[in-house]
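Asker: Provided below are the primary sequence and the corresponding predicted coordinates.
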Amino acid sequence: MSSIKVAGGRARPAEAATNGGRREGRGLGAGEEQSRRFWRTLDEQADDPQFVEQLYNEFPSEIEAITDPVARRTFLKLMGASLALAGVTACTRQPAEKIVPYVRQPEELIPGKPLFYATSMPLGGVATGLLVESHEGRPTKIEGNPLHPGSLGATDVFAQAAILGLYDPDRSQTLTNLGDIRPWSAFLGAVRAALTAQQPLKGAGLRILTESVSSPTLAAQIRDVLARYPSAKWHQWDPASRDTARQGAKAAFGEYVDAQYRFEQADVILSLDADFLGSGPGGLRYARDFAARRRPDQADRMNRLYAIESMPTSTGARADHRLPAKPSDVERIARAIANAVMPGPKGPGLQDPAHAKWADAVAKDLQAHRGRSLVIAGDGQPPSVHALAHAMNAALGNAGKIVVYTQAVEAKPIAQLDSLRDLVADMTAGTVDLLVIVGGNPVYTAPADLKFSDALDKVQLKVHLSLYDDETSERCQWQIPEAHFLESWSDARAYDGTASIVQPLIAPLYGGKSAHELLAAMSDRPERPAYDIVREFWSANRGSGLNRTPQEFEVSWRRWLHDGVIPNTEYAPKTVTLQSGVGSRQSGVDSRQTPDTSHQSPATGGIEISFRNDPCILDGRFANNGWLQELPKPITRLTWDNAILVSPATAAKLRAEGAPAFEGGEHGQILSHIVELKYRGRSVRGAIFPVVGHPDDCATVHLGYGRVRAGHVGTGAGFNANSIRTSDALAFGAGAEMVATSDNASLACTQYHHLMEGRGMVRAVTRDEFVRDPKSVHEESGGGGAKDETPPKIITLYPAVEYTGYKWGMAIDVNACIGCNACVVGCQAENNIPVIGKDQVLRGREMHWLRVDTYYRGPAENPETYFQPVPCMHCENAPCEVVCPVGATVHSSEGLNDMVYNRCVGTRYCSNNCPYKVRRFNFLLYQDWDTPSLKLARNPDVSIRSRGVMEKCTYCVQRINAAKIDSEKEDRAVRDGEIKTACQQVCPADAIVFGNLNDPKSRVAQLQAETRNYSLLGELNTRPRTTYLAAVRNVNPELGE
Amino acid sequence: MASSHSSQGTPPVIAPGHTFGTVTDKISAIVLARKTPIGWYAGFAAAFALTLLLLVSLTYLVLKGIGIWGNNEPVGWAFDITNFVWWIGIGHAGTLISAILLLLRQSWRTSINRFAEAMTLFAVASAGIFPLFHTGRPWLAYWLLPYPNTMNVWPQFRSPLVWDVFAVSTYATVSLLFWFVGLIPDLATLRDRSQSKAGRIIYGMLAMGWRGSSRHWHRYETAYLLLAGLATPLVVSVHTVVSFDFAVSIMPGWHTTIFPPYFVAGAIYSGFAMVLTLAIPIRAVYKLEDFITMRHLQNMAKVMLVTGLIVAYGYMTEAFIAWYSADKYEGFVPLNRLTGPYFLAYWSLILCNVAIPQLLWLKRVRTNVPILFIISIIVNVGMWLERFVIIVTSLHRDFLPSSWGMYSATFWDWSTYVGTIGLFLSLLFLFLRFLPMISIFEMRTMLPEARVDEEAI
């Protein structure tokens, strides 16, 4: 047997060898035949029709040359040379690279001194202006651009974390076709071939799917393509933008307009499930404006915020009165308030007496402040509520004053859900031949019932441009690595229309392409760089004023790049007229018009389910960003996971709950029951997590988790709420069912215990109490009386230390803090703080130098919520210093509690003895010392800590020293405000102030001199340099506290 | 306590019928003549296996970092320092027996002082591992020592951890010297009786030329008495300093002035419990009931009872003062211990350290060897729990509720702890095999013959 087999095996190759030569000519397919055909001259090769087509696709501008027989020879001469060279490259080795120091120093660049460049970050179609710190050509830190109206110097968490996003080693790095690496020219060939095929059809099979676009240049490019292919369609789907707001405006005014709010002028604000502080378009600006009207030292100017909301948010926490309500109830309560403030037929009142009382009081307050009040509807509310809010603002005389309407910031506002639905319909019908997906991850984010991915499979050619090789890339033939906004030229508009140029800080790390370059590939000038495209757009489209001649344009272009804004591009206020009948109950506008409001009937049994973008990773686009994954979410303080968030009562009804697990525990690991959430025949399993202040019989789930192709960081975290989210209930829907299972899941939570235990960490009073006696902030039971104040200095045996030079200190205004977490990520970026991963957070070892503690006060079903950022207190009598056996933590002459990393042996005694627990220990080697791209992200001014070393907040000592050096060179003292700590700089609410306490005129000294000022745990005689300012709530006496 | 009524028929330190020769024969035979019992091999193998586990654990610890343990923020110390304090405490009985009882002329100590001292040394060796390896960068732990260096950097002398370094290293040095000096006459005996050449050379070197001349004896007595005088304050000082690690801090539950005496009493309590735990099986296995008599066991039980009561008083005072101070943070600590998430640890501690040892009031219990053995183990467990409760429950919920957390031990926490028990037992087994576990010459002075001689002079 075996011998025969061997013989047979030997015989076969011989056979193949003899037959091989003969077979080659006949047996192979036509395509293969051509590729193996020998050719002697380039002309012979070029005569091939396939080659001609290839040439055409790659060099469309030379197409006349090919068709014209005379010029053809010239063309071929040139091409012959490049073809020959193309052959040669394959034989050459990569040239050896040498790293040499600058022979001639680039202008303005001093090694070791960072440079700052203005750019802006588009998100959800709205840009935030940024200043990016660059060290020898690599961006390391992002700050807000003070000149930009949407930033005013502040940033949100997403902008802060963009640095890590840029250097993410998991980014899509190569252009691939079905997984094989291809050159850009191959892609050009393929897409141009497909476009050529579309030419006769006028692009009937061409679809472009983008996210919300506010880039004027990109919009113009898309319109150009659409002009060439008139039957092609441009679809938009961006889970981060606000479809309901758009539709609400359309319903109210018959056109797409954007509303801008003037919080600095609003006395009374009613939020209808809107989280307008610190997130969404203009959120940073609004937070600053809002905080400016909350200063207790100007008590008569304090505004009052009412919030109706389901999932507790930062905005609800800052509200003077918060009413928890299911998302579907918001409209009913809003209508009840509208009935009172608007003329016209009155609808039925509210049945719940508590709700009715609340609505009455709010309505009265709103009416008492006509023309100085504001009603805002949230993104999760249906268009009818938005329309109602517009109608109420109009009725209250706020429109045009407190609410200003302008042309939409987006280049082409459309109903995105309808747009996506149309696209799916076309794809399913098989009429889409070429789909170009510019950014976004629709396979993951599209509502489950649309079956987007099934439809996508029917498209012939799919092109996906994105930062990551994600779920959508997997189903597209072509994956094009997208250039990060810090790597590419573009432009964008702020919430008020102000345009900015997006300028790159670094050449694309992975050879990414921007959307402009992709669109250019579809135009007649495919190889144009984004810089030329953007610049040409602005030089062509800015006829007015600044840039009449090329020289003048050059001047203004440079000014725009320098300032980060293009002056006078904000949209002018627009007069809009309310459609008749908007807001009244009988009107046809109220909700049926749009698809995502099928829940008009009150929930009949079951659970109402509400979908929200995650506060940290949004719709999942930031899922692979470790800084954002590890960032404790506002209110829940969860990291690395989403959860089914319910009220404690609802959880108790299910007999499902989360409890501190033994391991890690209250701060660390929460062991939660896994619940099966069923909605319309679909179901998903996730951990349940009770949230105080959440309405009953209602569950909130955050999107963005359960990714299967996010990268090393994001893949597998949490559950995919999109899998039960349907297009008719994008924001919320009734009739869900929850079934507790016996399984458990571990959630990593950085603060589970939110009660103050009578320890007065946060002090708060009402405005009336404060006006009567400002000292009352310290008298409250929890805050403790005089007994708890700092003991007098005479009781110590040690001689008093005099701080004669600078005396650094910080004041944190609890009254202003909105808990947005920007400071936490800002600190992480500035100070090279590592990401440690879920298993380490479960153990309670998170490394953030600054944390935002959340405390509750008052009734459990709807407590008052306070945020308290806690950095190192820099105690004058620091308990950590005396116990360190090696003197690794010592006091500076300016009162800083310094940490000497290379002296630290890691006994952890200092941390044990720190009453504030702000010290962080490197239990393992948390820093990534290996990944090259992450090394680029680090701030060279701050040491990287190794394992076994304690670390903590330094008051950004590197910034202090930089400013001191500058001041010493100029022979002057450091000016107040010259040093901004990283947390202070990003804060949209201006809640953190740092400075010299020895200068009585400094802002921090003045704040610490305020009556509201108090020391955290001052009774321990630690004499912290960081102090807090008590919160004051502007309570409506009618509703009481 | 034993001496006050010794005339009324207190059992003698040595059972009747022994002579100088039989005492020497019996004790030295264990080392030189008798066949090593199979149980020794089994015990040593088991203990050595655990020692290897310790080596693996420490190697992995140095390679990976403290993160392999369960320590976290806010619980920066947990098993590491618990084990350190526990081992140091165990060591105390040895010094107390050798030094203080020597000075107090408690002659019954003679039968047990040698291996109690050995136990001290081995316990200190086990204890020393923890402060060294609990640091994040153990290869730099020598920075805690004041050594001259070019940078002129000294330890920070206000830190109790530096005091610890001095206290523990002094203690280890004095204990070693005391033990070794006490061994010299017996080493000479072994040298003289050894049948093998290697034995004669090794014991001969260790005996340092001891010939038993009266000058030798004179020098020996002076040195031994001086060392006893040196060791005596250490019994109090070492655990006082260890308790300063906690008392000097500002953590509620740590910041307590009662800690020094309470820790010293606790140390003696656990030390005597450990001596009993070891003495009872050794006595049975090596048939030493003649030398370690019921009187020894009873006396040790009584010491345990007294120190146990002091410790119980400490618990009560701690709780009372926490309430009486009206300090909200201090007041919370006992409540949290009694009812918080670690209530099981606390109540087990009360059961082990306060409730069960009350049985020792009964003579029936004190003279029942198996029950005494069980109680001694229970007290050992209880004293370990006490340190765990003090360290972990104080840290896990301190001032700010936002940073409250929980601690749970990992495999490596346990393996390191069990590993040090292995190290301790391995050293003890080697000691039993190669050195006289009872002081031969001191035992001889206990005999009636010795007394007669003295009177005759």
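Answerer: In hand now; what should we look at?
Asker: and residue A:855, how far is that from residue A:646?
Answerer: 21 Å (C-beta to C-beta, to the nearest Å). C-betas here are computed from N, CA, C, even on glycine.
Asker: following element in sequence after the helix or strand that contains residue B:373, please.
Answerer: Element membership for residue B:373 (DSSP states H and E) is helix B:369-388. Per DSSP H and E, the first helix or strand lying C-terminal to helix B:369-388 is helix B:394-396.
Asker: which other helices and strands contact the helix or strand just after that following helix?
Answerer: Remark: after helix B:394-396, the chain's next helix or strand is helix B:411-434, criterion DSSP H and E. Applying 3 or more C-beta pairs under 8 Å, 6 or more residues apart in numbering or on different chains; DSSP states H and E, we find helix B:411-434 packed against helix B:20-32, helix B:38-64, helix B:79-95, helix B:110-133.
Asker: where along the stretch 201-350 of chain A do the helices fall?
Answerer: A:216-228, A:243-253, A:283-292, A:314-318, A:327-341 (DSSP state H, counting those that start in this stretch).
Asker: would you turn those into CSV with distance to residue B:263, mean neighbour count and mean pLDDT?
Answerer: Formatted as CSV, the helices of the stretch 201-350 of chain A follow (distance: least, C-beta to C-beta, whole Å; neighbours: other C-beta atoms under 10 Å in any protein chain shown; pLDDT from 0 to 100):
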stretch, distance to residue B:263, mean neighbour count, mean pLDDT
helix A:216-228, 72, 19, 91
helix A:243-253, 66, 25, 88
helix A:283-292, 52, 24, 91
helix A:314-318, 46, 26, 91
helix A:327-341, 59, 23, 87
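Asker: which stretch among these comes nearest residue A:448?
Answerer: When those are compared by C-beta to C-beta, helix A:243-253 sits nearest residue A:448, at 17.0 Å.
Asker: any chance of a markdown table for the helices of the stretch 201-350 of chain A, columns distance to residue A:381?
Answerer: Compiled in a markdown table, those are given as follows (distance: least, C-beta to C-beta, whole Å):
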| stretch | distance to residue A:381 |
| --- | --- |
| helix A:216-228 | 28 |
| helix A:243-253 | 6 |
| helix A:283-292 | 17 |
| helix A:314-318 | 13 |
| helix A:327-341 | 6 |
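Asker: which of those helices sits closest to chain B?
Answerer: helix A:314-318 (15.1 Å; C-beta to the nearest C-beta).
Asker: tally of neighbours for the nearest residue to residue A:830 once chain neighbours are set aside?
Answerer: Using C-beta to C-beta, 6 or more residues apart in numbering or on different chains and skipping residues adjacent in sequence, the residue nearest residue A:830 is residue A:982, 3.6 Å away. By the criterion of other C-beta atoms under 10 Å in any protein chain shown, residue A:982 has 29 neighbours.
Asker: contacting residues around residue A:982?
Answerer: A:141, A:823, A:826, A:827, A:829, A:830, A:831, A:956, A:959 (C-beta atoms under 8 Å, 6 or more residues apart in numbering or on different chains).
Asker: now render the helices and strands packed on helix B:411-434 as JSON lines, adding distance to residue B:187, mean neighbour count and mean pLDDT.
Answerer: Compiled in JSON lines, the helices and strands packed on helix B:411-434 are given as follows (distance: least, C-beta to C-beta, whole Å; neighbours: other C-beta under 10 Å; pLDDT from 0 to 100):
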{"stretch": "helix B:20-32", "distance to residue B:187": "10", "mean neighbour count": "18", "mean pLDDT": "77"}
{"stretch": "helix B:38-64", "distance to residue B:187": "21", "mean neighbour count": "15", "mean pLDDT": "94"}
{"stretch": "helix B:79-95", "distance to residue B:187": "19", "mean neighbour count": "28", "mean pLDDT": "89"}
{"stretch": "helix B:110-133", "distance to residue B:187": "12", "mean neighbour count": "24", "mean pLDDT": "89"}
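Asker: low-confidence ranges in the stretch 351-500 of chain A?
Answerer: The model of the stretch 351-500 of chain A has no residue with pLDDT under 70.
Asker: next to chain A, which bits of the stretch 201-350 of chain B? Give me the list.
Answerer: Neighbours of chain A within the stretch 201-350 of chain B, by C-beta under 8 Å from any C-beta of the partner chain: B:245, B:248, B:249, B:250, B:251, B:328, B:329, B:332, B:341.
Asker: in this structure the third one contacts residue A:883, no?
Answerer: This points to residue B:249. Yes: the criterion here is C-beta atoms under 8 Å, and residue B:249 meets it with residue A:883 at 6.4 Å.
Asker: give me the common contacts of the two.
Answerer: Joint contacts of residue B:249 and residue A:883 (C-beta under 8 Å, 6+ apart) are A:909, A:912, A:913.
Asker: can you tell me the SS state at the residue of the stretch 1-150 of chain B found nearest chain A?
Answerer: Nearest residue of the stretch 1-150 of chain B to chain A: residue B:136, at 2.0 Å (C-beta to the nearest C-beta). Following DSSP: H, G, I helix; E, B strand; the rest coil, we place residue B:136 in the coil state.
Asker: and it, what does it touch?
Answerer: Residue B:136 touches A:904-908, A:921-923, A:947-950, B:65-66, counting by C-beta under 8 Å, 6+ apart.
Asker: just residue B:379 next, same as before
Answerer: So residue B:379 contacts B:269, B:270, B:273, B:304, B:308, B:352, B:353, B:356, B:357 (C-beta under 8 Å, 6+ apart).
Asker: change it to 6 Å
Answerer: residue B:273 (C-beta atoms under 6 Å, 6 or more residues apart in numbering or on different chains).
Asker: still on that earlier bit, any idea which of the residues of the stretch 201-350 of chain B next to chain A has the most stuff around it?
Answerer: Within these, residue B:245 tops the neighbour count with 25 neighbours, counted by other C-beta under 10 Å.
Asker: mind checking pLDDT for that residue?
Answerer: Listed pLDDT for residue B:245 reads 92.
Asker: go on, residue A:33?
Answerer: 47.
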